[in-house]
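S.K.: The sequence and its predicted three-dimensional model are supplied below.
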Amino acid sequence: MRTKLTSLIVGIILATISSTAQKTITVEAQNSDISNNLDLQAIASTFGESSDLEDFEKRLNDYDSQLSNLDLNNDGEVDYLRVVENMENDVHVVVIQAVLGKEVFQDVATIIVEKKENRRTVVQVVGDPYLYGPDYIIEPVYVYTPNIFSFFWGYNYHRWYSPYYYGYYPNYYHNRRPCEISFYTSHINSHINHDHRYYYSEHLRGGEYASRLQQSVSRNDYGTRHPERTFSSRNANISNKRDIDNTRGNNTVYDRSSARSNYTRSNSNVNETRGVESRSTRTNRTQDDVYQSRTSRSENQGVRSNSNAQNNERTGRSTQSTTYSTRGTDANRSSQSNTQPQQQRTENTQPRTQPTTRSESSNSRQAPVVSQPSRPAAQSTPAPAATPAGRSQSTNTGSERTSSGSSSGRR
């Protein structure tokens with residue numbers, strides 16, 4: 001009997017030890033810090049891909065996506081995340097809350113949506129200080145306008161306040177156990193749209209509207225009951241989740257101030273490059289201008305030389321023509337001088353009825369005819385032409401007339 005009792009007691013002790021060891025292993029494997037179980041970059045990407053807040057809540061709790069790995073109440077199941085919202089003027093505040101028990105809710109993150117004066121919409125995802133520490137703000141810059149913006153500023157807008165609570169969940173929701181943090185970190189990276197840009201910010205958007213709206217729907221039930229689990233208690237030498245992110249090599253959230261300095265440096269480099277390009281362009285233009293001016297000068301000189309050569313050729317041709325004309329004039333003069341004695345001899349054989357005027361000119365032009373006093377028509381005989389052929393013809397005609405006259409006198 002004693003043996004049976006002893007074995008029973010030993011079995012109970014061993015079962016207790018094994019169950020305690022299993023619970024300890026589960027907690028250690030679950031997480032090193034609570035904030036690592038919900039990536040706010042993935043939340044910002046999912047928010048931009050949602051059509052409205054109801055769709056956004058459905059995506060947060062999708063079984064296949066596994067956007068959340070939070071198990072704040074340590075019940076071995078991932079907490080259901082509900083979405084509540086409030087708005088005033090052009091500021092909307094969307095609060096994500098974990099459902100941990102009956103009437104027990106804990107804020108996880110807050111999304112501030114604000115329309116600026118230039119009608120530009122800005123978004124901030126603010127981590128709750130209980131989980132992420134104070135001032136952990138991620139501001140996404142979307143490369144395209146998210147569809148959910150039309151929900152906030154459209155005619156079909158209606159305030160969304162999730163109707164679900166502990167023990168009452170939508171039909172698409174299924175319980176699941178949390179996974180190891182290493183698996184979650186590698187898995188959640190695929191749900192971050194890396195085409196967008198994500199920046200750390202130090203100032204909240206929305207001003208007094210955002211703080212007042214956030215307080216109107218905020219719930220910190222779990223944090224009030226377990227103050228020993230706040231971020232500062234878990235991490236004594238760390239200010240917020242940003243320091244934990246910086247220790248990871250794959251952190252894709254940028255610092256706004258460093259991004260501005262890099263942007264300024266890149267712009268200065270671009271301006272310097274443009275200045276160098278403009279200088280080189282000016283130098284090239286100057287060299288091109290000099291080359292063109294030299295080329296145009298040489299071309300002009302070539303044209304001038306060609307024109308001068310053409311002028312000289314024309315001058316030479318005109319000189320040759322002048323020489324040829326002068327030679328022709330001299331030849332005419334010599335031929336006229338040779339024919340003058342024959343003309344005088346022929347005229348002496350004819351009865352001189354009227355003196356003729358010889359026309360000679362040094363320029364081979366006919367001299368003007370001198371008018372003579374009128375005489376009887378019978379005795380006036382016109383002078384023959386100046387050409388040699390004409391004179392020879394006139395001479396023959398005169399001899400014929402003389403012979404005919406002599407024969408008529410004999411009869």
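M.R.: That came through fine.

S.K.: which strands and helices sit next to the helix or strand hosting residue 44?
M.R.: Here residue 44 is covered by helix 40-49, with elements defined by DSSP states H and E. With contacts taken as 3 or more CB pairs under 8 Å, 6 or more residues apart in numbering; DSSP states H and E, helix 40-49 sits against helix 53-60, strand 104-115, strand 121-127, strand 137-141. Every residue, glycine included, has its C-beta placed from N, CA and C.

S.K.: which residues does the nearest residue to residue 57 once chain neighbours are set aside contact?
M.R.: Excluding the flanking residues, the one nearest residue 57 by CB to CB, 6 or more residues apart in numbering is residue 83, at 4.2 Å. Counting by CB atoms under 8 Å, 6 or more residues apart in numbering, residue 83 makes contact with 53-54, 56-57, 60, 94-97, 160, 162.

S.K.: Check residue 86 too.
M.R.: With CB under 8 Å, 6+ apart, residue 86 has these contacts: 92-93, 159, 213, 216-217.

S.K.: Narrow these to those that are buried.
M.R.: 92-93, 213, 217 (16 or more other CB atoms under 10 Å).

S.K.: Could you provide these in JSON lines, with additional columns for distance to residue 168, secondary structure and pLDDT?
M.R.: Formatted as JSON lines, the buried ones among the contacts of residue 86 follow (distance: CB to CB, whole Å; DSSP: H, G, I helix; E, B strand; the rest coil; pLDDT from 0 to 100):
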{"residue": "92", "distance to residue 168": "26", "secondary structure": "strand", "pLDDT": "96"}
{"residue": "93", "distance to residue 168": "24", "secondary structure": "strand", "pLDDT": "97"}
{"residue": "213", "distance to residue 168": "26", "secondary structure": "helix", "pLDDT": "94"}
{"residue": "217", "distance to residue 168": "19", "secondary structure": "helix", "pLDDT": "94"}
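
S.K.: Can you lay out the residues you listed as a markdown table showing distance to residue 70?
M.R.: As requested, the buried ones among the contacts of residue 86 are arranged in a markdown table below (distance: CB to CB, whole Å):
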| residue | distance to residue 70 |
| --- | --- |
| 92 | 24 |
| 93 | 21 |
| 213 | 24 |
| 217 | 19 |
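
S.K.: Looking at these, which one is closest to residue 247?
M.R.: residue 93 (30.8 Å; CB to CB).

S.K.: tilt between the helix holding residue 44 and strand 137-141?
M.R.: 40 degrees (axes from the mean of the first three to the mean of the last three CA atoms, to 10 degrees).

S.K.: Alpha carbons only: can I get helix 40-49 in CSV?
M.R.: Extracted C-alpha coordinates of helix 40-49, given in CSV (Å, rounded to 0.1, in the frame of the first residue of the first chain):
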residue,chain,number,x,y,z
LEU,A,40,4.1,48.6,-37.7
GLN,A,41,5.6,48.8,-41.2
ALA,A,42,3.4,45.9,-42.2
ILE,A,43,0.5,47.6,-40.5
ALA,A,44,1.1,50.8,-42.6
SER,A,45,1.4,48.8,-45.8
THR,A,46,-1.8,46.8,-45.0
PHE,A,47,-3.6,50.1,-44.2
GLY,A,48,-2.8,51.5,-47.6
GLU,A,49,-4.0,48.4,-49.3
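
S.K.: Find the residue ranges of the stretch 251-400 of the chain scoring beneath the pLDDT cut-off.
M.R.: 257-400 (pLDDT under 70).

S.K.: still on that earlier bit, check the contacts of residue 83 for burial and list the buried ones.
M.R.: 53, 56-57, 60, 94-97, 160, 162.

S.K.: where's the residue lying closest to residue 191 once chain neighbours are set aside relative to residue 188, distance?
M.R.: Nearest non-adjacent residue to residue 191, counting by CB to CB, 6+ apart: residue 42, 4.6 Å away. According to CB to CB, to the nearest Å, residue 42 and residue 188 sit 5 Å apart.

S.K.: any common contacting residues for the two?
M.R.: With CB under 8 Å, 6+ apart, residue 42 and residue 188 have common neighbours residue 67.

S.K.: Sketch out the strands for this protein, chain order is fine.
M.R.: 80-88, 91-101, 104-115, 121-127, 137-141, 197-201, 253-255 (DSSP state E).

S.K.: For the shortest one, give me every contacting residue.
M.R.: Judged by CB under 8 Å, 6+ apart, the contacts made with strand 253-255 from elsewhere in the structure are 41, 138, 197-200, 242, 245.

S.K.: Buried residues in it, which are they?
M.R.: Within strand 253-255, the residues that qualify as buried are residue 253, counting by 16+ other CB under 10 Å.

S.K.: Relative to that strand, what are the paired strands and their orientations?
M.R.: Based on DSSP bridges, the pairing partners of strand 253-255 within the sheet are strand 197-201 (parallel).

S.K.: and what of the second one?
M.R.: Each strand that strand 91-101 pairs with, and the sense of that pairing, follows from DSSP bridges: strand 80-88 (antiparallel), strand 104-115 (antiparallel).

S.K.: Dump the shortest one to PDB, restricted to CA.
M.R.: Extracted C-alpha coordinates of strand 80-88, given in PDB (Å, rounded to 0.1, in the frame of the first residue of the first chain):
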ATOM      1  CA  TYR A  80      -7.900  39.200 -31.900                       C
ATOM      2  CA  LEU A  81      -7.300  42.900 -33.000                       C
ATOM      3  CA  ARG A  82     -10.300  45.100 -33.400                       C
ATOM      4  CA  VAL A  83     -10.500  48.600 -35.000                       C
ATOM      5  CA  VAL A  84     -12.300  51.600 -33.600                       C
ATOM      6  CA  GLU A  85     -12.300  55.100 -35.100                       C
ATOM      7  CA  ASN A  86     -13.300  58.700 -34.400                       C
ATOM      8  CA  MET A  87     -13.000  61.900 -36.500                       C
ATOM      9  CA  GLU A  88     -13.200  65.700 -36.300                       C
END
